[in-house]
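Peer 1: Please find the sequence and the predicted model below.
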Amino acid sequence: MEENNAQIQEIKSNRKIKLISFQIFYWLFAIIMMMYFRNTVFKAEENIKNILQITMIIIALSIDGILILFKKIKLEVYKQFIILASILGIFYFIVTPFGNGTDEVSHFLRVFEISRKYTNIHMQEDTTFPPAFSKLVDYKNSILIKYENYINEFDAFSMNSEERRDLINEYWNIKLYSPIQYIPQVIGVTIGRILSDNIVVIGMCGRLTGYIFWIVLCANSIKLVPNKKTFFLILCILPVNIFSAICISGDTVTNAVCILFISLIYRKVYLKEKINKTEKIILLILCCMIALCKIVYLPFVAIVLLLKEENFGNKKSLKNFIIITITLSSIVGFSWLVIGSMNLANSNSASGEQLKFILNNPFEYGMIIMRTLTQKGAQYIYQLCTGDELMCHAKTTVYPIVSYIISICLLMSLFVNEEKKELQINTLRKVWIGLIMFGTSILIVTAIYIQWTSLAGIGKIGNEIILGIQGRYFIPVIVLSIFILNKTKLETNEKHLITGVILMQLPVLFQIMNVFV
């Protein structure tokens, strides 16, 4: 009895030592970061520096509190995600001025126009906006704009002027995006239009509803998936994912829908569960949404071929479901592609010439892809986690080492299994998944080459490298790797990986805070 008590006391003592050691390491890291930014980055008056210092301490305390909470209380993984995403989202929300997200102004113009179009029952699109929107465009293009500009000139963002300006040049490419992928933000913007005539307030409402939608879908994805929960959690709390989700963007819905769809298919294949009628409808809706959001992700629909007879009860039901799903999503996707191509041809005539170049020079285009990967491959890894996505139009600098550490954690989490059971999937199906990943990646870079690299002033027809690729476009592609890397078990503590990703939020958040000064 005394021996057992001694062992219990020893375990408790070891836990205290580990906790104290972690606290010392954490606060040394946090203090070094704070001192660095106070002395070298924040070139402001002393009182502003003090306010920023207090804000940084609050952020550091909050993140430390989260980590202690997770160590003390055993929470389900999806609940951990909700807590993390909510708190980190608030920080990213606050320290990223509205309009400073990647292409956020263009997306906001599109969302506002969709809200205005359908609430006013005026089905013809209008590209003219009050002068307040032009001011937001000016803010976006200037690296000198700080938070105090928004505060001092808040009234200038009011839409009370009857004057209208044509801003088609600001969002012509965003018109290619289907209204479906903006539904959550449109709801928020419509509510904001009822509450206020200030576009900053309206935009923030759009941000809020979009982020809530993203959290709900990602949390359900983590809850649904029976294995690889650690991987899904880390993937969803990547700084680039949170940053993209809190800003008005088409990727907020696209990435969340793709992740939910993959997690549901993975669950059915892993557990060999039967798919009921409700789940069939959900899968069909998700497939159509993926096709509408971005046609380049249409190959994802083909993972329904991983489903087997046991998931439906008989071969006929399986075949009917696969045929209906692939056919309907293809029709929906290509129908919108035709509509979008008409808009693209009207706005960017060079896109047609770029497409002809690819078709006439397939081998040369293959070399362009290889050259792009050779020259910019490291940058895409950097962007996948943080990088240019958090640059706020050159207002901040994020250390590449932060991205690489998070990338390593993400990769290691891919090999962590919460269950001893392995996914039963043969080599042929793994090859099929690999082809989907490869094909989708080619479609992504090709779409960017046609739409963006062809623009005068950015690239040219037959440009030697592809310009405009962003790492976050490949996040849904990475998720598919759970079907391939399923037998390797990494002997590591998944809590350490999650802690590492959370800890790496500190330098990212501190860097973004530079927009205050």
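Peer 2: Arrived safely.

Peer 1: how about the nearest residue to residue 98, chain neighbours excluded?
Peer 2: residue 203 (4.9 Å; Cβ to Cβ, 6 or more residues apart in numbering). Quick note: C-beta positions are derived from backbone N, CA and C, even for glycine.

Peer 1: for that neighbour, phi and psi?
Peer 2: The phi/psi pair for residue 203 (degrees, to the nearest 10) reads phi -60, psi -40.

Peer 1: What distance do you get for it to residue 158?
Peer 2: 13 Å (Cβ to Cβ, to the nearest Å).

Peer 1: who's more crowded, the two?
Peer 2: Neighbour count, other Cβ atoms under 10 Å: between residue 203 and residue 158, residue 203 has more, with 26 against 16.

Peer 1: Would you mind pulling up the elements that the strand or helix carrying residue 282 packs against?
Peer 2: Assigned by DSSP states H and E, residue 282 belongs to helix 277-293. Applying 3 or more Cβ pairs under 8 Å, 6 or more residues apart in numbering; DSSP states H and E, we find helix 277-293 packed against helix 251-271, helix 315-347.

Peer 1: List every C-alpha atom in the first one, with coordinates, as PDB.
Peer 2: In PDB, the C-alpha atoms belonging to helix 251-271 read as follows (Å, rounded to 0.1, in the frame of the first residue of the first chain):
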ATOM      1  CA  ASP A 251     -11.800  29.800 -49.500                       C
ATOM      2  CA  THR A 252     -13.600  30.000 -46.100                       C
ATOM      3  CA  VAL A 253     -16.500  27.900 -47.400                       C
ATOM      4  CA  THR A 254     -14.500  25.900 -50.000                       C
ATOM      5  CA  ASN A 255     -12.000  24.500 -47.600                       C
ATOM      6  CA  ALA A 256     -14.500  23.800 -44.900                       C
ATOM      7  CA  VAL A 257     -16.800  21.900 -47.300                       C
ATOM      8  CA  CYS A 258     -13.900  19.900 -48.700                       C
ATOM      9  CA  ILE A 259     -12.700  18.900 -45.300                       C
ATOM     10  CA  LEU A 260     -16.200  17.900 -44.200                       C
ATOM     11  CA  PHE A 261     -16.800  15.800 -47.300                       C
ATOM     12  CA  ILE A 262     -13.400  14.000 -47.000                       C
ATOM     13  CA  SER A 263     -14.000  13.300 -43.300                       C
ATOM     14  CA  LEU A 264     -17.400  11.800 -43.900                       C
ATOM     15  CA  ILE A 265     -16.100   9.500 -46.700                       C
ATOM     16  CA  TYR A 266     -13.100   8.500 -44.500                       C
ATOM     17  CA  ARG A 267     -15.500   7.600 -41.700                       C
ATOM     18  CA  LYS A 268     -17.600   5.300 -43.900                       C
ATOM     19  CA  VAL A 269     -14.600   3.600 -45.400                       C
ATOM     20  CA  TYR A 270     -12.800   3.200 -42.100                       C
ATOM     21  CA  LEU A 271     -15.700   1.900 -40.000                       C
END
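
Peer 1: Now that helix: buried residues?
Peer 2: 251-270 (16 or more other Cβ atoms under 10 Å).

Peer 1: now the angle between helix 277-293 and it, please.
Peer 2: Helix 251-271 runs at 140 degrees relative to helix 277-293, counting by axes from the mean of the first three to the mean of the last three Cα atoms, to 10 degrees.

Peer 1: so for helix 251-271, what's the average pLDDT?
Peer 2: Helix 251-271 shows a mean pLDDT of 93.
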